[in-house]
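In: curious how this folds, go ahead:
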Amino acid sequence: MIEKIRRYMEEQHMAEPGSRIVVGVSGGADSICLLHVLALLAPSFQWKLAAVHVNHLIREEAGDDASYVEETCGQLGISFYLTQEDVEALAKAGGLSVEEAGRQVRYRAFYEAAESFGADRIAVAHNRNDRAETLLFHMFRGTGLDGMASIRPVRDKIIRPLLCVGREEIEQWLLEKNIRWCIDKSNDTDTYTRNKIRRHILPFAREEICTEADVHLAQEAELLALTADFVGRRAQEALDRCRLSEKAADGSGSPEPLAGKGDLHSAASRIKRIRIAVPAFLQEEKLLQTHLLKLVLRELSEGGKDIGMSHIRDVESLFYKQGGKKVMLPYGLEALRSFGEVIVQERKPVPEALEGTEGEAPAAEFFINIDMEELAGNMGDAQNAAPVLALAGKEGRILEFSLFPWENSQIIPQKTCTKWFDYDRIESLVLRTRQPGDYLCINDKLQKKRLKDYLIQEKIPVQERENLLLLADGSHILWVVGHRISSAVKVTDSTKRVLRVHIRGGKENG
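Out: Residues are numbered from 1 along each chain as shown. Next up is the predicted model:
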């Protein structure tokens, strides 16, 4: 058995010569076996070992287990670390199962000991039976390829040298070497789901279906791990083909949000997001589509454990819907269907005034009143109208407001960066982001159109709508900055005073 484990460790590149290894040791058969095996192999590879024992303070005999592990480490000349934590209290406080809370406590203790010991590897004692049980556990609950890969031999610093041997083989070796181990009585109950699989389902499979059922399941897990790795590599290549860069996605030519007092370019525009081109995505194989989206969600959630197939399917559905649709996801994420792309991103805080806005994500909160009396009191002439208000913008842009008398002989330049308004048709002026009920007038009959419908019609991406600056008179949008103005405030033959708003600096496209 020692030789089998040594070969397995070398095949899986578990530990280099000279490695420092922390071993998780509960005192049970598996972990005691692991500790002794690594102690026997250590001289050949110049490994330095330390052991970590975690007392969950659940069982009365837990203190005896800790003493036995410490005694064993002393006999083997191995450094010993002890962690004690009330796992049941932790589970209750955190709303976790006792099993999950215990797992978190153990791995935290392992990593803390590894840091203290200077270890580059952490060895845990999962065996071949554990791998078979975990495969079934994941399949019963619903899983993808990664879940069916079950327990992997190496993941980051974690190594599992005993995955190549079964529980009976381990116990037989300990008996032959006259090495005792601790008995955890909770393993003989059905308290935990895994115990039910271990005590009832696998024994039934061995007796009624195949005597080596657990061996075959572990072999399937190994094959599925290789398959998952292969598909993962192909999915990453597919994501690289479908992913849009920020520069490409923002290349619509519309001006970026301007900044005034402070920085109006909201932090909401600096959130983490991934954009996926719809046509490219739909050309990929169905299997790669699923795994591509899994990669996206894992990246944005930093490997989130609660991302499931239902969430992936929700995002996938957006590729077949119209722009403006969105789905909410765990870990503070959302996915939006825009024009020609799907954006998966962090959610922004929702201002109270916009909660319940239907159909789109709410805008970033921004609101500046513009003093119309100040404008009127500083009216100049058409040639020398000095800006009354100038708001500094991103990339050298400035938003300038000036007021002057209208002369019919004047020619209104048709520029994206400069707009002229009939000042006397305006009651109030606010520079802000969108709000529920916003509209603009779209023709000389002053027919109203919802701002949302206008933005959809103009194919302005969802993520741009959220931070788009608007010049508004109440709910009446006078100017969608960088786009059109409302027909209700156009300069006419009867206009007496003109409000000119000009974006100076940056790209001044005609």
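In: in stretch 63-76, what's buried?
Out: Neighbour counts over stretch 63-76 (16 or more other CB atoms under 10 Å) mark D65, A66, Y68, V69, E70, T72, C73, L76 as buried. C-beta: built from backbone N, CA, C; applies to glycine.
In: wait, a strand at the third one?
Out: This points to Y68. No - under DSSP: H, G, I helix; E, B strand; the rest coil, Y68 sits outside any strand and is assigned helix.
In: ok, now which ones touch it?
Out: Shown in contact with Y68 (CB atoms under 8 Å, 6 or more residues apart in numbering): G27, C182.
In: can you do 10 Å?
Out: V25, G27, I32, H53, E61, R180, W181, C182 (CB atoms under 10 Å, 6 or more residues apart in numbering).
In: so what pLDDT did the residue most central in space within the chain get?
Out: Centrality entry for the chain: nearest residue to the mean C-alpha point is S301, 1.9 Å, by CA atoms, centre = their mean. pLDDT recorded at S301 is 87.
In: so which of the contacts of Y68 wins on neighbours?
Out: Neighbour count (other CB atoms under 10 Å) singles out V25 as the most crowded of these, with 30 neighbours.
In: average pLDDT for stretch 117-136?
Out: The model assigns stretch 117-136 a mean pLDDT of 94.
In: show me what counts as buried in that stretch.
Out: 117, 119, 121-136.
In: and those residues, which of them are in helices?
Out: F117, R128, N129, D130, R131, A132, E133, T134, L135, L136 (DSSP state H).
In: tell me the contacts of the first one?
Out: Shown in contact with F117 (CB under 10 Å, 6+ apart): R20, I21, V22, K48, L49, A50, A51, V52, S79, Y81.
In: what packs against the helix or strand where the second one lies?
Out: Secondary structure from DSSP states H and E places I21 in strand 20-24. Contact partners of strand 20-24 among helices and strands, from 3 or more CB pairs under 10 Å, 6 or more residues apart in numbering; DSSP states H and E: helix 29-45, strand 48-55, strand 79-84, helix 98-117, strand 121-123, strand 158-159.
In: list of residues touching the fifth one?
Out: Contacts made with strand 121-123 from outside it, assessed by CB under 10 Å, 6+ apart, are listed as 9, 14-16, 19-25, 31, 34-35, 37-38, 47, 49, 51-52, 107, 110-111, 113-114, 154, 156-162.
In: what strands flank that strand, and is each parallel or antiparallel?
Out: Within its sheet, strand 121-123 is paired with strand 20-24 (parallel), strand 158-159 (parallel), according to DSSP bridges.
In: got the angle between the first one and helix 29-45?
Out: Spelled out, it's strand 20-24. Strand 20-24 runs at 170 degrees relative to helix 29-45, counting by axes from the mean of the first three to the mean of the last three CA atoms, to 10 degrees.
In: so for strand 20-24, what's the average pLDDT?
Out: Per-residue pLDDT values across strand 20-24 average out to 97.
In: flag the shaky bits of the stretch 301-450 of the chain, pLDDT-wise.
Out: 323-324, 348-369, 380-399, 409, 413-414 (pLDDT under 70).
In: what segments of it are helices?
Out: Using DSSP state H, counting those that start in this stretch, the helices of the stretch 301-450 of the chain run over 309-318, 372-377.
In: what's in contact with the first one?
Out: Translated: helix 309-318. 142-144, 147, 276, 278, 281, 286, 289-294, 296-297, 301, 304, 308, 325-331, 333-338, 341-344.
In: show me what contacts the residue lying closest to M372 once chain neighbours are set aside?
Out: Distance criterion CB to CB, 6 or more residues apart in numbering; nearest residue to M372, sequence neighbours excluded, is L429 at 5.8 Å. Listed by CB under 10 Å, 6+ apart, the contact set of L429 reads 368-372, 375, 389, 401, 421, 423, 471-473, 478, 499, 501.
In: now H126
Out: 24, 30-31, 34, 133-134, 150-153, 158, 160-163.
In: closest to D86 out of those?
Out: G24 (19.2 Å; CB to CB).
In: and stretch 50-60, how far out from the chain middle?
Out: Taking CA atoms, centre = their mean, to the nearest Å, one finds stretch 50-60 lying 33 Å from the centre of the chain it belongs to.
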